[in-house]
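[1] Any chance you can model this:
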Amino acid sequence: MAKITALNLASVFFAASGGFTYGFGFGVFTSSIGQPGFFSYFNLIKGSTYTANIIDAINSLFALGAAVGALTQGYTSDWLGRRRAIFAAAVVCIIGGALTAGSAAIPMLIIVRFFQGIGLGQSVTLAPLYISEIAPAHRRGLLIGVFSAALGTGYTVVAWISFGTYYATNETVQWRVPLALACVAPIAQAIGVWFIPESPRWLVLKDRKEDAWHIVRRLHHDPGDAEERNAQAEFTQICRQVAFDKKFDVSYWQLFRRPSWRKRSLLVLFLMFASQSTGVLGIGNYAILIYGSLGFTGGLPIMMNAVYTLIGTSATFLGSYLADRIGRRTLLVIGFPVNSLFLLGEALLQRQYVDGTGAASHAGLSACVLFLFLYIVSYDICIDPVSFIYVAEVWPTAIRSKGIALGWFAYFIGTLTYTTPAALAFRNISWRYYMVFFGCNIVSSLVIYFCLPETKGKTLEEMGDLFGDEVVVHMANDGRGFVETGGALMESKVDGGEVVMQEIAETDREGAV
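    Alright, predicted model coming up:
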């Protein structure tokens, strides 16, 4: 079984910075709408219908830009390679972040926020793609979960920065500084991406097998495996499965034409849209306004938002760990029903205690805050990391970039669906908006229970078993050999990137898959 090496970890943590970049860049506007300086600079009246429409427009155009970015990544990462695509996305994020921070009028802010969304949509899609292709199968959930945790960390860091800038005497500093700081992470990405290896699976896809072999050896270097049998077995499986999958035409349209690919596509589209149907961004985007409706004033709504994101991010680490322990499907089957209960509780509590003036009982409002915190904990343990893991791992290498892009496209369409009306919905129908998410969660729970297969422990090349594809070779339990379709236990030798096959003696077959 392949070990996690220092190079594995360093590459994963760097790639996960794409999640941090997105979390910071997305969350910075959530915090901006809590700053008095933002409203005064743009002549907006907090709580008015016009202001709610403007905020909804900015958020919806950002989500649309991110959806466009996700789809374009499906082509750029196959064309340029994973590393150069990460660099290109970082450049777009830097330009978009700088223009957003320098916005002088609402129309400019709306347009450049759309442009920034394109870069952030590319960045957040590329990170799990890269990580899934370099992570060992038995720790893939944990390592892709690092990306999810990094995304939450981005939310958290910008929330606390915004809490600090709230007290700046210069009102422009309150919101422009956090917006400008959104450029820092992509600058680091643009520089650091050249110090991590290219994805070996992409190199094999482009027939650069010798380069791929050298990277696989480095990623799985194990002093206890002098013959490099782990690395050789994985490299052989990659080469043979990619050679088989490359025979098929690859386009977004083809994802829905082959039955096995169509099954993946529909499940991934549903899962990523369902994750947004929990209301996580519909609620999270307007958390500061929600805390204002619960009676918090001054800088307290911004502080409560920072605490909310910190609690959620902490829960993500646990969810990432559990994904490899108890399985992806199990967490989702538990998570959606539990999440729906907290949404129902929040709706009923706000119906009882929130009257729009902040004059409701202290105990009732405290209960509302508690249920919001329980809601985000259940989401970040059971749904958030697992959704990102699942969408990254179910695809063959030949279509992985487009498959992941399709999933994130659904994610951003979900964001667009639920954040566009959110400001007006929370203002006009209040607690009833939570009931929309409650109903969606009930439907999602049923679909996931009956339709979603477990993926824990399988190599990327073996995922086809779950969806009706032919798997050319199966890895042995110890990861140092594999079984061909015909049943013979094989081992491989690699010479200059070329795989040399030989059958292992019958006595060595014990432990094969």
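[2] Which helix runs longest in the protein?
    Looking only at the chain and at elements set by DSSP state H, the helix with the highest residue count is helix 49-80.
[3] downstream neighbour of that one in the secondary structure list?
    Once the chain leaves helix 49-80, the next helix or strand it forms, by DSSP states H and E, is helix 82-101.
[4] What residues of the longest helix of the chain count as buried?
    Residues 51-52, 54-74, 76-78 are the ones in helix 49-80 that count as buried (16 or more other CB atoms under 10 Å). Bear in mind the C-beta positions are built from the backbone N, C-alpha and C, glycine included.
[5] That helix packs against which elements?
    helix 17-32, helix 82-101, helix 106-134, helix 200-205, helix 400-419, helix 422-428 (3 or more CB pairs under 8 Å, 6 or more residues apart in numbering; DSSP states H and E).
[6] So what touches stretch 409-429?
    Residues from elsewhere that reach stretch 409-429 (CB atoms under 8 Å, 6 or more residues apart in numbering): 47, 49, 51-53, 55-56, 59-60, 63-64, 66-67, 70-71, 121, 268-270, 272-277, 279, 281-283, 285-286, 289-290, 293, 433, 437.
[7] Phi, psi for S103 please.
    In terms of degrees, to the nearest 10, the main-chain angles of S103 are phi -60, psi 130.
[8] Could you double-check that it lies in contact with Q116?
    No. Using CB atoms under 8 Å, S103 makes no contact with Q116, being 10.4 Å away.
[9] the more surrounded of the two?
    Q116 (32 against 20; other CB atoms under 10 Å).
[10] pLDDT averaged over the longest helix of the chain - what is it?
    What helix 49-80 shows for mean pLDDT is 90.
[11] what do you get for stretch 329-346?
    In the prediction, stretch 329-346 has an average pLDDT of 96.
[12] what comes up buried for it?
    329-340, 342-346.
[13] show me what contacts the closest residue to S444 other than its chain neighbours?
    Closest residue to S444 apart from its sequence neighbours, by CB to CB, 6 or more residues apart in numbering: A274 at 4.0 Å. By CB under 8 Å, 6+ apart, A274 lies in contact with 336, 414, 440, 444, 447-448.
[14] Those residues into a markdown table, with extra columns for secondary structure and distance to P396?
    What follows is the contacts of A274, written out as a markdown table (DSSP: H, G, I helix; E, B strand; the rest coil; distance: CB to CB, whole Å):
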| residue | secondary structure | distance to P396 |
| --- | --- | --- |
| F336 | helix | 28 |
| G414 | helix | 25 |
| C440 | helix | 30 |
| S444 | helix | 26 |
| V447 | helix | 24 |
| I448 | helix | 23 |
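[15] List just the nearest of these to C183.
    Set against C183, the nearest of the contacts of A274 by CB to CB is G414 (27.0 Å).
[16] what number of residues lie near the nearest residue to A52 once chain neighbours are set aside?
    Distances taken as CB to CB, 6+ apart place A423 nearest to A52, at 3.9 Å, with adjacent residues excluded. Using other CB under 10 Å, A423 has 24 neighbouring residues.
[17] same question, K46
    When neighbours are counted by other CB under 10 Å, K46 comes out with 14.
[18] how close does the closest residue in space to it that isn't next to it in sequence get to F235?
    Nearest residue to K46, sequence neighbours excluded (CB to CB, 6+ apart): F39, at 5.4 Å. Using CB to CB, to the nearest Å, F39 is found at 57 Å from F235.
[19] Give me the more crowded residue out of the two.
    F235 (24 against 19).
[20] Distance of that one relative to N428?
    From F235 to N428 the distance is 58 Å (CB to CB).
[21] so who does the residue sitting nearest the centre point of the chain touch?
    Geometric centre of the chain, nearest residue: F388, 4.5 Å, by CA atoms, centre = their mean. By CB under 8 Å, 6+ apart, the contact list for F388 reads 128, 144-145, 147-148.
[22] Show me the two of these that sit farthest apart.
    Spanning the widest gap among the contacts of F388 are P128 and G145, at 9.8 Å by CB to CB.
[23] Spit out the residues that contact the two alike.
    388-389.
[24] Which of the helices and strands packed on helix 49-80 has the highest mean neighbour count?
    For those, the largest average neighbour count (mean count of other CB atoms under 10 Å) is found in helix 17-32, namely a mean of 27.
[25] In terms of secondary structure, what does it contact?
    Packed against helix 17-32 by the contact rule (3+ CB pairs under 8 Å, 6+ apart) you find helix 49-80, helix 82-101, helix 106-134, helix 140-165, helix 171-181, helix 184-192, helix 287-293, helix 300-325.
[26] worst average pLDDT in those helices?
    Here the lowest mean pLDDT among the helices and strands packed on helix 17-32 goes to helix 287-293, at a mean of 82.
[27] got the CA positions of stretch 264-275 in PDB?
    In PDB, the C-alpha atoms belonging to stretch 264-275 read as follows (Å, rounded to 0.1, in the frame of the first residue of the first chain):
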ATOM      1  CA  ARG A 264     -21.600   9.500 -13.100                       C
ATOM      2  CA  SER A 265     -22.600  12.800 -14.600                       C
ATOM      3  CA  LEU A 266     -26.200  12.700 -13.300                       C
ATOM      4  CA  LEU A 267     -25.000  11.700  -9.800                       C
ATOM      5  CA  VAL A 268     -22.300  14.400  -9.700                       C
ATOM      6  CA  LEU A 269     -24.700  17.000 -11.000                       C
ATOM      7  CA  PHE A 270     -27.300  16.000  -8.400                       C
ATOM      8  CA  LEU A 271     -24.800  15.800  -5.500                       C
ATOM      9  CA  MET A 272     -23.200  19.200  -6.100                       C
ATOM     10  CA  PHE A 273     -26.500  20.900  -6.600                       C
ATOM     11  CA  ALA A 274     -27.900  19.200  -3.500                       C
ATOM     12  CA  SER A 275     -25.000  20.500  -1.400                       C
END
